[in-house]
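Q: A structural model of the following input is requested.
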Amino acid sequence: MRVSTSQAQNLGVRAILDQQARVTRTELELASGKKILRPSDDPAASAQLLALDENLKTTEQFQTNIALARQRLQREESTFDAISNALQRVRELAIQANNDSQSNDTRGLIALELRQRFDEILNLANTRDANGEYIFSGFQGFTQPFSVQPDGSVTYNGDQGQRQLQISTSRQISVTDNGFDIFQNILNGNRTFTTLDNPGNNGSGVIEPGSVIDVSLYDQDTYTVLFPFSTQAGATLASNDFGTNDTLTYTLNINGVDVYSADDTGVPPAAATLDELATEINQPANIAATGVRAYVDNGTLFLGHVSPSNTDITVTESFSGFTPGDGDTLTGYFGSNLDETTTSAAINFTAGDATNYLIVDSAGNVETSDTYVPDARIRVNGIETIIDGQPLTGDSFTLSPSTRQDLFETLQNLITTLETDSADTDDLARLHNSVNRFLTDVDISIDSVINTRSRVGARLSALDTQEDANSSFTLSLQESVSSLQDLDYAEAISRFNVQLVSLQAAQQAFVRVQNLSLFNFLN
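A: So this is what the prediction gives:
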């Protein structure tokens, strides 16, 4: 085969260029530390690197989200800490004010501090995060969650949303809590029912918050504890008509108002039971005129004021329709022995210390009755409470299902109570009842703050755990990237030296081949 001079030169040049290209590539690998400089170097590995890089960037964003979530939750936790401290101080002030050694003036001073605490808690409820967004306004980050109305009430302006951040491919975490759930959606009383004294009470009775003893028996009805007068009324109206056949008439009068009348003709028939007699007394027109209502329990007729009153109840039984000299007689329901010389008799039920109590449901039906004993347990349909002190006849207390009451209303109620002068026994009883209710309600409010704070702490702990998991995943991704892309420097340097030698050999061979020409041997 004949090899031309130009062909030999071209082959030599190509060999040098090939070796130079290899050396240059190895130099680039050594400079960058990467063995894949462009996708064509290893298409499969390049595709894997793109996927790994995307995962790394996504995980990096998750770590950024975790840092932001931690900042917001720490802000929220510190706010809850301040609110808890303020509420504890409010509770201490309430206990201090509930002492009978306090005067109206000292209670007024306590109310002044309570107003400062009210403003402090309201300001904390309107806390912003580092971005200037309100942390308790739900999704409405730039809407102030709480504002005071002209009547002193506090309105929630946010919504019930809960903002979240993605912290992994399959996990989101809440970074806010809405103010409605924390400060407004709070059950009052003992969370099942609440106890309330009637503002018109005249005695010194103070009712406790109570508790549930059998939830299966509680029917969520509203019950009223009444302190009525116990009577000796019977179920029989007895009359004797002697001589002339007269129409003997009986009239029952309560507090100067005729409420019932019957005669011995039997049309209409006289009340034959205490329940029938109570029905007559409780006619709406009669109740409106007398202010008295009748109750029957265990064979006893009770009379009570519709509204708390320290006035007596006077029952008058009258006898008419007889013929003088016939000796006609009549015995009334309340035991009055009437005749032509004693045509009427009054029975006075004197107001004073209560000796009996009734519990009636929302329809006015009697559930139970008993003798009142201070500090004794009063039970009805699975719930119980205790009344201390001495109620007067006519006083009443209510046991009603718990309702939602916001924290600010609870604080306002206490401030209003302490700013109201208390001088008499009944005033002090109202004060004690109000403060006792506040202590129960504020304890539940404190629980609401503590429970939410606990959830915030759990989320912070979850952030730490997820951050560690993301870090481990990032390290795993980086190891995968390294295995695909990072250069083995020892191998590359060895290869580089070999390639340099090869380049030098190619260059020297080219020089030698260039001198191999026939013209060099012709003279």
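Q: for the stretch 401-523 of the chain, give me the ranges with low pLDDT.
A: For the stretch 401-523 of the chain, the stretches flagged by pLDDT under 70 are 481-523.
Q: and the pLDDT for the residue most central in space within the chain?
A: Ranked by distance to the mean C-alpha position of the chain (Cα atoms, centre = their mean), the top residue is residue 186 at 3.4 Å. On pLDDT, residue 186 comes in at 92.
Q: tell me the spacing between it and residue 359.
A: Distance check for residue 186 against residue 359: by Cβ to Cβ, to the nearest Å, it reads 27 Å. Quick note: C-beta positions are derived from backbone N, CA and C, even for glycine.
Q: what residues does the residue nearest to the centre of the chain make contact with?
A: 404-407, 410, 441, 444-445, 448 (Cβ atoms under 8 Å, 6 or more residues apart in numbering).
Q: do the same with residue 445
A: By Cβ under 8 Å, 6+ apart, the neighbours of residue 445 are 87, 183, 186, 407, 410.
Q: will you turn those into JSON lines that also has distance to residue 330 and secondary structure?
A: Output for the contacts of residue 445, formatted as JSON lines (distance: Cβ to Cβ, whole Å; DSSP: H, G, I helix; E, B strand; the rest coil):
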{"residue": "87", "distance to residue 330": "66", "secondary structure": "helix"}
{"residue": "183", "distance to residue 330": "66", "secondary structure": "helix"}
{"residue": "186", "distance to residue 330": "60", "secondary structure": "coil"}
{"residue": "407", "distance to residue 330": "63", "secondary structure": "helix"}
{"residue": "410", "distance to residue 330": "58", "secondary structure": "helix"}
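Q: surely residue 207 meets residue 197?
A: Yes. The pair residue 207 / residue 197 is scored as a contact, 5.9 Å apart, by Cβ atoms under 8 Å.
Q: which non-adjacent residue is nearest residue 231?
A: residue 301 (4.9 Å; Cβ to Cβ, 6 or more residues apart in numbering).
Q: what bridges to that neighbour?
A: Judged by DSSP bridges, the bridge partners of residue 301 are residue 296.
Q: sorry, back to before: between residue 207 and residue 197, which contacts overlap?
A: Counting by Cβ under 8 Å, 6+ apart, the shared contacts of residue 207 and residue 197 are 397, 433.
Q: circling back to that earlier point, gap between the residue nearest to the centre of the chain and residue 415?
A: Distance, residue 186 to residue 415, by Cβ to Cβ: 18 Å.
Q: same check, this time on residue 393
A: Using Cβ to Cβ, residue 393 is found at 33 Å from residue 415.
Q: compare neighbour counts for those two and give me the winner.
A: residue 393 (28 against 20; other Cβ atoms under 10 Å).
Q: next, the more buried one: phi, psi?
A: Dihedral pair for residue 393: phi -60, psi 130, per degrees, to the nearest 10.
Q: hmm, it is touching residue 354, no?
A: Yes. The pair residue 393 / residue 354 is scored as a contact, 5.1 Å apart, by Cβ under 8 Å.
Q: which neighbours do those two have in common?
A: residue 227.
Q: circling back to that earlier point, so which of the contacts of residue 445 wins on neighbours?
A: The residue in these with the most neighbours, by other Cβ under 10 Å, is residue 407 (28 neighbours).
Q: including distance to residue 312, could the contacts of residue 445 go into a markdown table?
A: Converted to a markdown table, the contacts of residue 445 look like this (distance: Cβ to Cβ, whole Å):
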| residue | distance to residue 312 |
| --- | --- |
| 87 | 46 |
| 183 | 48 |
| 186 | 43 |
| 407 | 44 |
| 410 | 39 |
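Q: so which of the residues you listed is the closest to residue 286?
A: The nearest member of the contacts of residue 445 to residue 286, counting by Cβ to Cβ, is residue 410 at 40.3 Å.
Q: which residue packs closest to the closest one, ignoring adjacent ones?
A: Counting by Cβ to Cβ, 6+ apart, the residue nearest residue 410 is residue 441, at 4.6 Å.
Q: residue 336 now?
A: Counting by Cβ to Cβ, 6+ apart, the nearest residue to residue 336 once its immediate chain neighbours are dropped is residue 345, at 3.7 Å.
Q: strands of the stretch 1-150 of the chain, start to end?
A: Under the criterion DSSP state E, counting those that start in this stretch, the stretch 1-150 of the chain contains strands at 146-148.
Q: helices or strands up against the host helix or strand of residue 172?
A: Assigned by DSSP states H and E, residue 172 falls within strand 171-174. Under the contact definition 3 or more Cβ pairs under 8 Å, 6 or more residues apart in numbering; DSSP states H and E, strand 171-174 sits against strand 164-168, helix 425-485.
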